[in-house]
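Trainee: I would like to see how this sequence folds:
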Amino acid sequence: MFYQNYIKSFFDRLLALGLIFIGFLPFLVISLIIFIENKKFSEIFFLQLRVGKNEKMFYIYKFRTMNEDKDTNQNLLHDNIRTTKIGFFLRKTHLDELPQIIQIFLGKMSFVGPRPLLPEYLGRYTPLQALRHNVLPGMTGWAQINGGANLPLDQKADLDAWYVQNITFLLDLKILWKTFFR
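Mentor: Residues are numbered from 1 along each chain as shown. Next comes the predicted model:
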């Protein structure tokens, strides 16, 4: 509990600060490429409402990987059509998630924790699965290294609950290590 409440946050913010300095140039280059591709400063980042610790809502930031192109009926085109050239690269390398490091520094996220989900999933959790909201959401987590997007929501929620009940420094290091090599 001491690690979770004090040490984890300190390490998260310290590492985030270092990565902000190291990642400043790539962050700037990616932003410039997205701006050139979309022709608008307002379309460099993608913001989406997510559920955080204690079920508080926050906006997650990512680099924008899709445009807002619509068909003749003003419906958004399929994701594969709207994904930009740089967007394919950013998603494949997970560099679209780089802006979340700022949210870690600000204390809204952690490097390791349950991935923040959309608000519409709130009513779907069992009491055990709802434990995911007792900790800060993470850029990566136990569910991500054990199948991630390929898992059904219930299985991801169970893995997230297991993580919350078993948080340790060594477990976080293991998750970061496996994430880096995936």
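Trainee: Tell me which residue lies farthest from the centre of this structure.
Mentor: In the chain, residue 72 marks the outermost C-alpha relative to the chain mean, sitting 32.9 Å out by Cα atoms, centre = their mean.
Trainee: Next, that residue: secondary structure please.
Mentor: coil (DSSP: H, G, I helix; E, B strand; the rest coil).
Trainee: Next one: it relative to residue 159, how far apart?
Mentor: Noted for residue 72: a distance of 43 Å to residue 159, by Cβ to Cβ, to the nearest Å. From N, CA and C alone the C-beta is placed, and that goes for glycine too.
Trainee: how about the spatially most central residue of the chain, what does it touch?
Mentor: Nearest to the geometric centre of the chain sits residue 139, at 4.1 Å (Cα atoms, centre = their mean). Neighbour list for residue 139: 97, 100, 101, 104, 109, 110, 111, 112, 115 [criterion: Cβ atoms under 8 Å, 6 or more residues apart in numbering].
Trainee: Quick one: low-confidence residue ranges for the protein.
Mentor: Low-confidence segments of the chain (pLDDT under 70): 40-42, 69, 77.
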